[in-house]
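1. Dropping a prediction and its sequence here:
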Amino acid sequence: MLFPGFPGVATAVGLFVLIWLAVYFKDKGEPVVFDPGNKHGEFGKSLLPMYVDITKFVLGLAAGSIVLLVGSLNLNQSSARSLKSFASPLFLVAMSIIYGVLFMILLVLNYEHHLHHPGDPQAYTRFEYTRNQSLGFGSLVCFCISYIWLIADATK
């Protein structure tokens with residue numbers, strides 16, 4: 001093992017690659033349409049705020065989890081548990097935050113580019129679509145798996 005928590009980082013990267021491959025091959029090269037019903041600007045009115053709100057909720061839970069766990073273990077010095085035993089799930093939670101932030105930033109940037117180039121079929125490419133899907137679902141999956149891992153480590 002290279003450092004404490006390496007399995008968590010490797011798991012996060014592996015999950016991201018696995019999700020990206022699944023989304024990429026499921027897509028089958030169909031054209032990517034940002035706005036539902038081809039109504040220009042519709043995505044920004046209905047779906048974008050919902051995606052960003054869900055991601056912010058998961059990020060808040062993830063950040064709070066890190067603060068709570070690290071803080072409670074540091075305050076309770078009498079406990080025989082160290083942060084090393086929780087390093088992998090903590091890294092997985094941290095990667096969930098990183099993926100979520102990247103998802104929100106890149107989705108908004110891609111949508112802004114789409115708005116400025118309404119007739120351009122390359123305004124939102126298959127690569128960007130699958131990357132954004134992978135970051136969004138990667139954030140959620142990393143968050144869920146990190147909690148399962150934390151529970152398993154905490155109950156040893």
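-> Arrived safely, thanks for sending. Residues are numbered from 1 along each chain as shown.
2. and Thr10, what helix or strand is that in?
-> Actually, residue 10 is Ala rather than Thr. helix 6-27 (DSSP states H and E).
3. Can you name the residues in contact with that helix?
-> Contact with helix 6-27 is made by 1, 87-92, 95-96, 99, 126, 129-131, 133-135, 137-138, 141-142, 145-146, 149, as judged by Cβ atoms under 8 Å, 6 or more residues apart in numbering. All C-beta spots, glycine's among them, are computed from the backbone N, C-alpha and C.
4. Run the chain-centre distance for stretch 34-47.
-> 23 Å (Cα atoms, centre = their mean, to the nearest Å).
5. Please disregard the earlier target; I meant stretch 23-36.
-> Relative to its parent chain, stretch 23-36 has a centroid offset of 19 Å by Cα atoms, centre = their mean.
6. What is the helix or strand just after the helix holding Ala10 packed up against?
-> Downstream of helix 6-27, the first helix or strand assigned by DSSP H and E is helix 42-75. Helices and strands touching helix 42-75, as assessed by 3 or more Cβ pairs under 8 Å, 6 or more residues apart in numbering; DSSP states H and E, comprise helix 87-116, helix 126-154.
7. list the buried ones in helix 42-75?
-> Buried residues in helix 42-75, counted by 16 or more other Cβ atoms under 10 Å: 43-44, 48, 51, 55, 58-59, 62, 65-66, 69.
8. sorry, back to before: need the helices and strands packed on helix 42-75 in a markdown table (columns: distance to Phe16 and mean pLDDT).
-> Shown next, in a markdown table, are the helices and strands packed on helix 42-75 (distance: least, Cβ to Cβ, whole Å; pLDDT from 0 to 100):
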| stretch | distance to Phe16 | mean pLDDT |
| --- | --- | --- |
| helix 87-116 | 7 | 94 |
| helix 126-154 | 4 | 93 |
